[in-house]
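> Take a look and give me a structure for this.
(one chain, ligands or ions: 1)
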Amino acid sequence: MRIGVIAIQGDVAEHVEALKRALDERGQIADVVTIKHKGIVSKCDALVLPGGESTTLGKLLIREGIADEIQDMNNAGKPIMGTCAGLILLAKQGDEQVAKTHQHLLGLMDMQVNRNAFGRQRDSFETELELPFLSSPYNAVFIRAPAILDSGKDVTILARFDDMVVAAEQGNLLALAFHPELTLDTRVHQYFLNKLF
Ligand code: GLN
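Below you'll find the model as predicted:
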């Protein structure tokens, strides 16, 4: 098994570490590889799109020819997790800011996102979230986080904060507005790995 982490920009090393910790904890073996160029995504069994800056990430994914490979991976039903900026990229539809800047989204998941849903007042914060697949609350770190405004019938809402949807899934796709790679709790990465193993 091989798990790819898009390494164009953002919190890449933290995701690699979190995946390795999660694999260790479950006693399973997989290669975790970072991806900067085309030709690797197609060799991966699962993929992580990290947080960062979604405009930059989107542009570079297209320029490097990786965006099309991610589409193919999704068509093949392989697990893909997008966190924060990664969630934005997964969406089919953006907000006004996305439209104004002609920002490119991968458009894999049937949802509309608000890029900076929590505004300047709450740039970064941590909160306890209830996630349906966990038996106790999860401490989630939000940094200039997006939220899901609207979603189609195939999307399952997993968590809300402040009346906004901050986690959802659609089959092989997992979208999180927060950063599971920034805490030592591996339970969210474990949930993602459950889609692979
Ligand atoms: N708000 C950022 C964006 O629009 C995402 C922030 C993050 O990934 N921490 O790209």
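> tell me the SS of Gly39?
With DSSP: H, G, I helix; E, B strand; the rest coil as the basis, Gly39 sits in coil.
> Can you read off the pLDDT for it?
Gly39 carries a pLDDT value of 98.
> going forward can the numbers begin at 5, since that is how I track them
With 5 as the first residue, the last one maps to Gly43.
> From Glu73, how far out is it?
Distance, Gly43 to Glu73, by CB to CB, to the nearest Å: 8 Å. (Each C-beta comes from the backbone N, C-alpha and C, glycine too.)
> Between those two, which has more neighbouring residues?
Remark: of Gly43 and Glu73, Glu73 carries more neighbours, 21 against 11, as counted by other CB atoms under 10 Å.
> Confirm that that one sits in a helix.
Yes: the assignment for Glu73 by three-state DSSP puts it in a helix.
> hang on, isn't Arg119 packed against Gln97?
No: look at Arg119 against Gln97 with CB atoms under 8 Å: they stay out of range, at 11.5 Å.
> for stretch 174-182, which positions count as buried?
Residues of stretch 174-182 classed as buried: Gln174, Asn176, Leu177, Leu178, Ala179, Leu180, Ala181, Phe182 (neighbour count, 16 or more other CB atoms under 10 Å).
> Just put those in a markdown table and tack on pLDDT.
As requested, those are exported to a markdown table (pLDDT from 0 to 100):
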| residue | pLDDT |
| --- | --- |
| Gln174 | 98 |
| Asn176 | 98 |
| Leu177 | 98 |
| Leu178 | 98 |
| Ala179 | 98 |
| Leu180 | 98 |
| Ala181 | 98 |
| Phe182 | 98 |
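> For Leu153, state which of those is nearest.
Leu153 has its nearest neighbour among the buried residues of stretch 174-182 in Ala181, at 11.5 Å by CB to CB.
> Can you mark which positions in the helix or strand of the chain with the lowest mean pLDDT are buried?
When each helix and strand of the chain is scored by mean pLDDT, DSSP states H and E, helix 100-104 comes last, with a mean of 91. Buried residues in helix 100-104, counted by 16+ other CB under 10 Å: Val102.
> check whether the helix or strand following that helix contacts the ligand.
Later in the chain than helix 100-104, the nearest helix or strand by DSSP states H and E is strand 113-118. No: against the ligand, strand 113-118 shows no contacts by CB under 6 Å from any ligand atom, the least distance being 8.9 Å.
> And strand 113-118, how far out from the chain middle?
Computed by CA atoms, centre = their mean, to the nearest Å, the chain-centroid distance of strand 113-118 equals 12 Å.
> Bridged to the most centrally placed residue in the chain, which residues?
With distances taken as CA atoms, centre = their mean, Gly86 lies nearest the centre of the chain, 1.1 Å away. Counting by DSSP bridges, Gly86 forms beta bridges with Leu53, Ala179.
> That one against Asn78, yeah?
No: in this structure, Gly86 is not within contact of Asn78 by CB under 8 Å, at 11.0 Å.
> Spit out the residues that contact these two alike.
Residues touching both Gly86 and Asn78 by CB atoms under 8 Å, 6 or more residues apart in numbering: Leu177.
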